[in-house]
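In: Provided below are the primary sequence and the corresponding predicted coordinates.
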Amino acid sequence: MKLLPPHRLRPQLGAIAALLILAAGAAHAESGVTEQIEPAEIALGETAQLTIATLGSTQTPITPPVIPGLEFVAVGQSSQVESINGRTTSKSSVVYQVIPQRVGIFTIPGGSPPLVLRVRPGGASAPPSSPGAFSTSTAAGSAMVASATHLTQDGSAFVRLRLPKHQLYVGESMPMDIQVGVRDGLVATLSGLPSFSGDFFTMNNLSTKPEEAHEIIRGQPFTVLTWHSALAAVKPGTTSLTIDTPLTVRMQTMRPSAANRFGDPALDDVLNDPYFQNFFGGGGTTEKEITLASPPATISVMALPTQNRPEGFTGAVGHFKVSSELSADATIVGDPLTLRLHVSGAGNFDRVRSTMLGSSDEWKAYPSTATFTAADSTGYQGEKVFEQAIIAKESGAQSLPGLAFSYFDPDSGRYATAQTPPVSIAVMPGAASTATTNTQVPNAGEGKPPAGPIVSRALRPDHSVASLVPKYFQPPFLAIPSTLAFAFAAAWLWLRRREQGARDGSAARRRAASQATATWLAHMEAAAATGDAQVFFSSARSALRQTLAAQWHVAPQTIGLEDIDARLGHDGQDVRQLFARADEATYSGCTVDTADLEHWKQVVLRRFNESAVL
Amino acid sequence: MTIALLTLALGAGIAHAATGTAPQISAGYSAARLLDLANGYAHDGRPGMAVLNYERARLLAPSDPDIHANLSLVRTTAGLPPITSTWFERHANKLASPNTLFWFGCIGLLIVGSTLLLARQYPQRRLALGTCTAAGFALMAITLCNAVAIWPMMNEAVVIARATPARVAPVPMADSLMTLHEAEILTADAQLRDFTLVHTDAGRTGWVASADIARVVPRSG
């Protein structure tokens, strides 16, 4: 195979390059690259923002343009992939901070029409401090200031810090960005996370996954990895902060013949690029572990003043706003309420504390809980919400005192106390359940008023009860039916006992009457045997009196002829005759024969037997 | 603000306003006041407190259709299923308020006791007195049925906080078993320190912070 001489190869390479450019332009058009710059005119020292977005079916890498006099620092990127009906489209965008190095009118290619950035004089310029160092001004929309960019000796990597300020107070936190730039193809891996030594600071919440962006530095593409963290000052003093990052660098060993092969510096530069050589398998590589350090940043840490320090100061340093809210505007005595204190802003939220409300005669307060919601990845900004369960002890129009929160404002260098206004609340009487620590958490989808109409009606006089417990479950009211039941049971028993007693008395009287009658009958038998008429009729009358007295429930001696006529009527004729004969025998001493005595004896026995049957 | 104005309006009698004296909040619970308080909570988007006060109002006026309608509406808006109850519970609860039925029961007991005593004394009027005794027993039975139906409400509680976690143990750092929705009705069981053991309608059990729930019938009254 015959090689063409270099001077004849040059036009052919130019043709190939033209074809590649055309192909790239076609791919650009297919993928839909859009560029936008805001604002289009700035003063020297200010920055503009360039957004490059690609939209298409394939992911096209976005690289910043290379324009002398302008530095492009990637500050953010986003990517989105959608798959609709099997067709995948991707959208990526990268936001660059455009830092002008000089005054002039710059044309940024890539857009249609090309973008134009006018840089007018004025503002603070940022000249490079050294040939290998570039300084960036304050980022647009952010207070972060990047330190100088010091490349390694072989130009393969750099580490730089972005800090909002260099003076801190003890306990104060500030956000910090650690940026590690590695040149594509020269750095193999990161061997560890960035770290620093010393006991002046603590580094909190270092992001585990760095943001990735691309920058052009000295005309070479760099991949810049950015970690976000918060730096907290621990003790006063002045110190230099240096961030160390372990890297594994791939060292290229190029063939000597590769250098200046074509005599054209531009083409030789392309051919000698490690990326180009790796692609074609040219040259060898060796890997080396190095630790890259950022340029030292001098930071002064001041002690917090002891003068005018508020009593409730807990070490919070930053800028905070407070507000409070109560879970209801009205409540019932005994019902729990939630008192919330919102502390939002930026600072060391780990030192933001509040004792909330203390118990008083009107309110019972429970220990509070705190929830922190970070607004950024480092926890430097956010909102801390203290929640406390409180219970009203007394009814009426009550007022909750305002809550105070003390902190140190590093900008003014003074202590500040934020106070929430007092909260008025109407407390209705009535006991309620006991409550303890309240942890009400907002929930999406809840807390909406009803969509439909709530039936309301005018207030009218209404019967009130002291307790919601039904009366039949309340011991004092349960005494009413209990007393009634006991009284009725006692009355029933008393009645029953009385009837039983009555029955028992009647039987006893009958037994006594029967015995007395039997005695009189025995006397009557004896008198009949001896023929003593007087004793016979007297005993017969007494026996009849006993029998009738038991039957009529009267005393035997009270029974006379009138009673016999009234109670027995015609049926008592024989009894009446016997009583008459008894009187006759007593007062006249009559005599009777045996048959007559037997007749009167049968009369008495018949009456006695009738009484026994009854 | 709505609730504050409402509560003040509740407590302030018209007579007080006319005489210019300071408004006084009348004591105790009443169905009308609880209904209006619940309506205020519902308008303010606080379904938990709204359902709690509707349930309390329902306890005092079980046959009030407005309370039932609003309670159903708030529960539906809060994404909770409608209230399900048995035939016995529906009818036993709707006869009259428990306190009214308590007096009915007392009157029934009085009738039963009196007629039984009179029947002993006047056995010849046993039929008329027996009828009265049966009526008294009926009143007592109605009250007893109402008490049986009401008894579960004595341990009911409403979730008044949003997204309340139910934990496996009564400690704040215990694992969460489930998340209870605001306005959900639970059965409260034992209480240990700051936590209450609750049972859901689905039969699940967990410990919740006592401040996140409120009993429909407060223990102390």
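Out: Yep, it's here.
In: counting contacts, what elements does the helix or strand hosting residue A:565 pack onto?
Out: Element membership of residue A:565 [criterion: DSSP states H and E] is helix A:561-568. Counting contacts by 3 or more C-beta pairs under 8 Å, 6 or more residues apart in numbering or on different chains; DSSP states H and E, helix A:561-568 packs against helix A:533-552, helix A:573-588. No exception for glycine: its C-beta is placed from N, CA and C like everyone else's.
In: next, the buried residues of that helix.
Out: Neighbour counts over helix A:561-568 (16 or more other C-beta atoms under 10 Å in any protein chain shown) mark A:563-564, A:568 as buried.
In: again with stretch B:180-199
Out: So stretch B:180-199, judged by 16+ other C-beta under 10 Å, has buried residues B:180-188, B:191, B:194-198.
In: repeat that for stretch A:33-44.
Out: The neighbour-count check on stretch A:33-44 (16+ other C-beta under 10 Å) flags A:33, A:35, A:37, A:42, A:44 as buried.
In: on that earlier part again, need the residues that contact the helix holding residue A:565.
Out: Contact partners of helix A:561-568, identified using C-beta atoms under 8 Å, 6 or more residues apart in numbering or on different chains, comprise A:548, A:552, A:554, A:572, A:575-576, A:579-580.
In: strands along chain B, start to end?
Out: Using DSSP state E, the strands of chain B run over B:156-159, B:164-167, B:176-180, B:185-192, B:195-199, B:205-209, B:213-215.
In: neighbouring strands for the first one, and are they parallel or not?
Out: Strand B:156-159 pairs in its sheet with strand B:185-192 (antiparallel), strand B:213-215 (antiparallel), by DSSP bridges.
In: need phi/psi at the closest residue to residue A:243 other than its chain neighbours.
Out: If the residues on either side of it in the chain are set aside, residue A:243 comes closest to residue A:294, at 4.3 Å by C-beta to C-beta, 6 or more residues apart in numbering or on different chains. Per-residue torsions, residue A:294: phi -80, psi 160 (degrees, to the nearest 10).
In: now do the contacts for residue A:294.
Out: Residue A:294 makes contact with A:147, A:150, A:159-161, A:178, A:242-245 under the criterion C-beta under 8 Å, 6+ apart.
In: residue B:99: which of those residues is nearest?
Out: Closest approach between those and residue B:99, by C-beta to C-beta: residue A:178, at 72.0 Å.
In: hang on, the earlier thing: make CSV out of the contacts of helix A:561-568 and add distance to chain B and pLDDT.
Out: Shown next, in CSV, are those (distance: C-beta to the nearest C-beta, whole Å; pLDDT from 0 to 100):
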residue, distance to chain B, pLDDT
A:548, 29, 83
A:552, 24, 81
A:554, 25, 81
A:572, 31, 83
A:575, 34, 86
A:576, 36, 86
A:579, 38, 86
A:580, 42, 84
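In: mark which of these are buried, thanks.
Out: Among the contacts of helix A:561-568, those classed as buried by 16+ other C-beta under 10 Å are A:548, A:572, A:575, A:579.
In: what's the most distant pair in these?
Out: Using C-beta to C-beta, the pair of those lying farthest apart is A:548 and A:579, separated by 10.7 Å.
In: so residue A:309 is in contact with residue A:416, correct?
Out: No: with contacts defined as C-beta atoms under 8 Å, residue A:309 does not count as touching residue A:416, sitting 11.4 Å away.
In: more neighbours, the two?
Out: When residue A:309 and residue A:416 are compared for neighbours, residue A:416 comes out ahead with 15 against 12, by other C-beta atoms under 10 Å in any protein chain shown.
In: that one pairs with what?
Out: Residue A:416 has these beta-bridge partners by DSSP bridges: residue A:407.
In: domain ranges for chain B, per the record?
Out: Residue ranges for each domain of chain B read B:2-84, B:90-152, B:160-215, as given by automatic domain parsing.
In: include distance to residue A:421 and mean pLDDT when you put those domains into TSV, please.
Out: TSV is the format used below for the domains of chain B (distance: least, C-beta to C-beta, whole Å; pLDDT from 0 to 100):
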stretch	distance to residue A:421	mean pLDDT
domain B:2-84	15	71
domain B:90-152	42	87
domain B:160-215	24	89
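In: residues in a beta bridge with residue A:347, which ones?
Out: Beta bridges link residue A:347 to residue A:318 when assigned by DSSP bridges.
In: ok, it - contacts?
Out: Contact analysis of residue A:347 by C-beta under 8 Å, 6+ apart lists A:172-173, A:316-320, A:380, A:407.
In: circling back to that earlier point, between the buried residues of helix A:561-568, which is nearest residue A:325?
Out: Checking the buried residues of helix A:561-568 one by one against residue A:325 (C-beta to C-beta), the nearest turns out to be residue A:563, at 99.6 Å.
In: who touches the closest residue to residue A:598 other than its chain neighbours in this structure?
Out: Nearest residue to residue A:598, sequence neighbours excluded (C-beta to C-beta, 6+ apart): residue A:528, at 7.3 Å. Residues in contact with residue A:528 (C-beta under 8 Å, 6+ apart) are A:536, A:594, A:597-598, A:601.
In: just say helix, strand or coil for residue A:528.
Out: Following DSSP: H, G, I helix; E, B strand; the rest coil, we place residue A:528 in the helix state.
In: so how far is chain B from it?
Out: The gap separating residue A:528 from chain B is 47 Å, by C-beta to the nearest C-beta, to the nearest Å.
In: and the gap between the residue nearest in space to the middle of chain B and residue B:105?
Out: In chain B, the centroid-proximal residue (C-alpha atoms, centre = their mean) is residue B:59; its distance is 3.5 Å. Distance, residue B:59 to residue B:105, by C-beta to C-beta, to the nearest Å: 17 Å.
In: quick one on the thing from earlier: and which of the contacts of residue A:528 is nearest residue B:65?
Out: Minimum distance to residue B:65 across the contacts of residue A:528 is 90.8 Å, recorded for residue A:601 (C-beta to C-beta).
In: surely that closest one is in a helix?
Out: Yes: the assignment for residue A:601 (three-state DSSP) places it in a helix.
In: what sits against it?
Out: Contact analysis of residue A:601 by C-beta under 8 Å, 6+ apart lists A:524-525, A:528, A:540.
In: repeat for residue A:375
Out: Residue A:375 is in contact with A:381-383, counting by C-beta under 8 Å, 6+ apart.
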